[in-house]
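Participant: Starting from these lines, generate the structure:
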Amino acid sequence: MANKGSSSGARSPLSLVVAMALCCFFYVLGAWQRSGYGKGDRIAAAVNRHTSCDGLTTAAGLSFETHHGGAAAANASLPPLPAAPFPPCPAALADHTPCHDQDRAMKFPRKNMVYRERHCPGAGERLRCLVPAPAGYVTPFPWPKSRDYVPFANAPYKSLTVEKAVQNWVRYEGAVFRFPGGGTQFPQGADKYIDQLASVVPFASGLVRTVLDTGCGVASLGAYLDSRGVIAMSLAPRDSHEAQVQFALERGVPAFIGVLGSVKLPFPPRSFDMAHCSRCLIPWAANDGMYMMEIDRVLRPGGYWVLSGPPINWRANHRAWERTEADLAAEQQRIEEYAAMLCWEKLTEMREVGVWRKRLDPAAACPDRPPVRTCDEANPDDVWYKNMDACITPPPPAGGGGGGELQPFPARLAAVPPRVSSGAVQGFTAEAYEEENRRWERHVAAYKKVNRRLSSDRYRNIMDMNAGVGGFAAAVFSPKSWVMNVVPTAAELSTLGVIYERGLIGMYHDWCEAFSTYPRTYDLIHANGIFTLYKDRCKMEDILLEMDRILRPEGTVILRDDVEVLLKVQRTVQGMRWRTLMADHEDGPTIREKVLFAVKKYWTADDGEKEDGGSAQGKGSEE
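Facilitator: Numbering: from 1, shown residues only. Coordinates of the predicted model:
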């Protein structure tokens, strides 16, 4: 009889041990891979070991200080990067605004300002280069000095100093522009003009927090409202008056390139506590009152509309405005009729300023209201590239949020917004909202351990590319800074209305396109999961190039995303003259979500081909 152990079909004890060992090995390997502790974590850990105690990385050459203006006296050198795969753009493109290109604009109709709206290049027309800073570019002055002074080298355009010389907008004084705070309708200064408005509009109460300033000029209204705890979103077209929005952002005032034309403004209904027009040249009485209806759409119940300039007080000013009395009288009559149609109450007309108030209860009956069409919209928040129409946006359903009074600011920053408490944001409860705020407080506390400059005046203009309900902006809130909270059109939830109910500002945007701003207008850009959100929509490189365009030299980027995504980002931005630091999630290295910190090197058009950006001789921002 044959022995079992010697048969060809039997297995030896050694082979069984080997098989069991292999099973155990692959089980452990699989568990390790699923845990997220892999290649990216080893890189992050290695970089973190070289992070100095003061929050700067010596090994990577990462510094959150600036070296080319203001407080910095020396030009610190950074270690050289590998050859950049992205070349510098020509110096003539230093102020390139892809979706507001002047040559492209002239191909579109002038009716309703269509040619001044967004018209973005096609995929094959996008620039694949880095927009340079102009020669001599310096770090802007810290706020509040920046309100009054802008280095000439940063926006070297003098046309406004000539065209608006008698209106006290801006003066050229050697190495700087000085902004005296004047305006077409407030020659005595924005402060006195705001004092005049404050006799009717309760700025001091905290109930008027967010303001929309249409046709803002150089945004002096927003600049001076800041000290009163009011934040203004200013807009103006890119037109023959060079650098209006650019000057506003250089000053540290929220602004974007925009116009009331044919498409809706990039805001949800009931966003602003006040809307303002000071000689903004918007034809309010045209198009069956369509522009006034758009203001009504974005104005909160109880909000104010201020019209300063023509046709208000036309009897005393028609000669100066070079228009006939009949023309101005007819225009004002139509404005008054449309205001009555919207059920706005006219509070006052003082000198050349008229103030109306939207009724507090939009669902209440409006006596003597003429027939008017109500907008039929399945999703009122869906406004991106949607045409304006001469119709009235209906109020939300009972209990639908966005109506009634809000708490005074700053209490409303932490209070549960009506859109959340009413369930208007589907699937987002008050408990989830409060947990979201706590989560961002933890995230920002971790950011400050790496970059302690977050608690200083280093960053004035901040952007959050995927803002959610504004948790990041609330966690970094400071009177020294402001945050442009962008809610991507690709986001699962439309939360921009919540952000405005908190007393913060922001706008909708599709990050497959360029943002409506000039280059070098943000000091810090934060993005949570933006590349995961857009991974199947457009190229990562295009989003990164747009971030580089709008980021100041020596500006900072903070990205949160999956480790594998951030590794791809890290490799790409080495060719964009950025220095990077990968950091673990604050809850530990086993979490796949990581944080990538980056600083854009200083370089300008006159040394764009130099490898070492630190070798450029930047001048300090001194008067």
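Participant: Could you point out the helix or strand that follows the helix or strand where residue 290 lies?
Facilitator: In this assignment (DSSP states H and E), residue 290 forms part of helix 290-298. Later in the chain than helix 290-298, the nearest helix or strand by DSSP H and E is strand 299-308.
Participant: tell me the angle of that following strand relative to helix 290-298?
Facilitator: Going by axes from the mean of the first three to the mean of the last three C-alpha atoms, to 10 degrees, strand 299-308 is angled at 140 degrees with respect to helix 290-298.
Participant: just the helices in the stretch 151-300 of the chain please.
Facilitator: With helices called from DSSP state H, counting those that start in this stretch, the stretch 151-300 of the chain shows them at 159-163, 190-198, 220-225, 244-251, 290-298.
Participant: circling back: can I get the helix holding residue 290 in CSV? Just the C-alpha atoms.
Facilitator: Extracted as CSV, the C-alpha positions of helix 290-298 are listed here (Å, rounded to 0.1, in the frame of the first residue of the first chain):
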residue,chain,number,x,y,z
MET,A,290,-35.4,94.4,-16.5
TYR,A,291,-32.3,95.8,-14.6
MET,A,292,-34.4,97.0,-11.7
MET,A,293,-36.0,93.5,-11.6
GLU,A,294,-32.5,91.9,-11.5
ILE,A,295,-31.6,94.1,-8.5
ASP,A,296,-34.9,93.1,-6.9
ARG,A,297,-33.9,89.4,-7.4
VAL,A,298,-30.6,89.7,-5.6
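Participant: pLDDT averaged over that helix - what is it?
Facilitator: The average pLDDT for helix 290-298 rounds to 98.
Participant: What of stretch 541-554?
Facilitator: 97.
Participant: do the same with stretch 597-606
Facilitator: Rounded mean pLDDT across stretch 597-606 is 95.
Participant: Find the residue ranges of the stretch 301-450 of the chain scoring beneath the pLDDT cut-off.
Facilitator: In the predicted model, the stretch 301-450 of the chain carries pLDDT under 70 at residues 363, 398-404.
Participant: Likewise for the stretch 151-300 of the chain?
Facilitator: 162, 164-166, 240-242.
Participant: And the strands in it?
Facilitator: Ranges of strands in the stretch 151-300 of the chain, per DSSP state E, counting those that start in this stretch, are 171-173, 176-178, 210-214, 231-236, 255-257, 272-278, 299-308.
Participant: centre of the chain versus the helix holding residue 290, how much separation?
Facilitator: Put simply, helix 290-298 sits 22 Å off its chain's centre (C-alpha atoms, centre = their mean, to the nearest Å).
Participant: Show me what that helix is packed against.
Facilitator: Judged by 3 or more C-beta pairs under 8 Å, 6 or more residues apart in numbering; DSSP states H and E, helix 290-298 is in contact with strand 210-214, strand 272-278, helix 325-341. Quick note: C-beta positions are derived from backbone N, CA and C, even for glycine.
Participant: switch to 10 Å and redo it
Facilitator: Secondary-structure packing of helix 290-298 (3 or more C-beta pairs under 10 Å, 6 or more residues apart in numbering; DSSP states H and E): strand 210-214, strand 272-278, strand 299-308, helix 325-341, strand 344-350, strand 353-358.
Participant: What are the boundaries of the helices in the stretch 501-623 of the chain?
Facilitator: 530-533, 540-550, 563-573.
Participant: Can you add distance to residue 488 and give those helices back as a markdown table?
Facilitator: As requested, the helices of the stretch 501-623 of the chain are exported to a markdown table (distance: least, C-beta to C-beta, whole Å):
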| stretch | distance to residue 488 |
| --- | --- |
| helix 530-533 | 6 |
| helix 540-550 | 11 |
| helix 563-573 | 16 |
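Participant: right, and these - which one's nearest residue 521?
Facilitator: helix 540-550 (5.6 Å; C-beta to C-beta).
Participant: Next, the angle helix 563-573 makes with that closest one.
Facilitator: Using the same axes, to 10 degrees: helix 540-550 against helix 563-573 is 60 degrees.
Participant: which helices and strands sit right next to helix 540-550?
Facilitator: Applying 3+ C-beta pairs under 10 Å, 6+ apart, one finds that helix 540-550 contacts strand 461-464, strand 522-528, helix 530-533, strand 551-562, helix 563-573, strand 578-584, strand 593-600.
Participant: CA atoms only: put the first one into PDB for me.
Facilitator: Coordinates of the C-alpha atoms in strand 461-464 are reproduced here as PDB (Å, rounded to 0.1, in the frame of the first residue of the first chain):
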ATOM      1  CA  ASN A 461      -7.500  89.400  -0.600                       C
ATOM      2  CA  ILE A 462      -8.400  85.700  -0.100                       C
ATOM      3  CA  MET A 463     -10.200  83.300  -2.300                       C
ATOM      4  CA  ASP A 464     -11.900  80.000  -1.400                       C
END
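Participant: Start and end of stretch 115-124, how far apart?
Facilitator: 21 Å (C-alpha to C-alpha, to the nearest Å).
Participant: List the buried residues in that stretch.
Facilitator: 115, 116, 117, 118, 120 (16 or more other C-beta atoms under 10 Å).
Participant: swap in stretch 366-385?
Facilitator: Neighbour counts over stretch 366-385 (16+ other C-beta under 10 Å) mark 372, 377, 380, 381, 383 as buried.
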